[in-house]
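A.B. asks: sequence and predicted model, in that order:
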Amino acid sequence: MKIKFWGVRGSVPWATPAAIGHGCNTPCIEVSDERTGSTLVLDAGSGIVGLGAALGGEPRELPILLTHYHWDHIQGLPFLAQIYQPGWTPRIFAPMFESHDPAWVETIFRAPFFPVPVEHLPNRPRVDVIGPGATRIGGFDVTALELNHPGGALAYRVRGLTGDLVYATDHEFGDPSRDEPLADFARGASAMILDAHFTPEEIGAHTGWGHSDWRTCAEFAAKHDIGGLWLFHHKPGRTDEELVSIAYDARRIFPATEAAGEREALRL
Ligand SMILES: [Zn+2]
Ligand SMILES: [Zn+2]
């Protein structure tokens, strides 16, 4: 299983020269199984535009698994090339929350937000709702768990041949009723991607925003038998220099830590 980052920022794709090294697109991760040629896309932030442009091979089904519906996780979807290229079948798997609006996909393509209504899209994506628990998506074994985030968000554990990936972005640590199940869910994973939007200095003023800081992420990874930690959902505008320094400091707590950067890939 190969995992490639196409968008690693939270909130908004605010591109600045000082931050372009790690990239400025919002969340999107490509998971591919090199044995079968299957691809699973995690989130549809602005990073999905680059993924779509780079995706080769025969047109096929393209499963896109969303963590939740905040703008930064869906804003790239209308600009995904495979919605317009003949033969592709984009398919969305999205969580069912109390706040869920089943018409969300129609809404984001509707005027005045977008010029092409969903019923006129060449490859209108089918949407399936999913909930916590185990499922199989596009040839991948996936388990989902609810996170602590305003309006809800799901974490995903994707089984790989030699180890599992846990993608847990948009989570605020501090509520044991969410953190303890997350620890059980993530334990033993080869790679974990965690929400490190804030620094330990910033987090106090942002309680309830639904995000975490890099120190808490590193402590979590150190405590729960995680193979490698990728700090993710970087605050927009956080410079490359700052992210290098954050990763350096986090390694004192958990040595196998990286600050996720666009186009970087790992293999499990
Ligand atoms: Zn987010
Ligand atoms: Zn969010």
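C.D. replies: Cool, got the structure. Values in this document were obtained by computation on a predicted structure and should not be read as measured data. Ligands and ions are numbered 1, 2, ... in the order given.
A.B. asks: the residue in the stretch 151-268 of the chain positioned nearest to ligand 2: how many residues sit nearby?
C.D. replies: Going by CB to the ion, ligand 2 is nearest to Asp170 of the stretch 151-268 of the chain, at 4.0 Å. C-beta here means a position set from N, CA and C on the backbone, and glycine is covered the same way. Asp170 has 29 neighbours, counted by other CB atoms under 10 Å.
A.B. asks: so it makes contact with His149?
C.D. replies: Yes - Asp170 is within contact range of His149, at 4.6 Å (criterion: CB atoms under 8 Å).
A.B. asks: overlap in contacts of these two?
C.D. replies: 68, 210 (CB atoms under 8 Å, 6 or more residues apart in numbering).
A.B. asks: got a list of what Leu51 touches?
C.D. replies: 4, 6, 28, 30, 41.
A.B. asks: tell me, how many residues neighbour the nearest residue to it once chain neighbours are set aside?
C.D. replies: Sequence neighbours aside, Trp6 is the residue nearest to Leu51 in space, at 4.4 Å (criterion: CB to CB, 6 or more residues apart in numbering). Trp6 has 28 neighbours, counted by other CB under 10 Å.
A.B. asks: right, and Trp6 touches Cys24 too?
C.D. replies: No - in this structure Trp6 lies outside contact range of Cys24 using CB under 8 Å: 11.7 Å.
A.B. asks: give the other helices and strands that the helix or strand that Ala94 is a member of contacts.
C.D. replies: Assessed by DSSP states H and E, Ala94 sits inside strand 89-95. If you count contacts as 3 or more CB pairs under 8 Å, 6 or more residues apart in numbering; DSSP states H and E, strand 89-95 packs onto strand 61-65, strand 126-130.
A.B. asks: and the first one, how far from the chain's centre?
C.D. replies: Centroid separation between strand 61-65 and its chain, computed with CA atoms, centre = their mean, to the nearest Å, is 13 Å.
A.B. asks: next, the angle strand 126-130 makes with that strand.
C.D. replies: Counting by axes from the mean of the first three to the mean of the last three CA atoms, to 10 degrees, strand 61-65 lies at 40 degrees to strand 126-130.
A.B. asks: now strand 61-65 - C-alpha only, CSV.
C.D. replies: Written as CSV, here are the backbone C-alpha positions of strand 61-65 (Å, rounded to 0.1, in the frame of the first residue of the first chain):
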residue,chain,number,x,y,z
GLU,A,61,-14.1,3.5,-10.3
LEU,A,62,-12.6,6.1,-8.0
PRO,A,63,-13.7,5.8,-4.4
ILE,A,64,-13.5,9.0,-2.4
LEU,A,65,-13.8,8.6,1.3
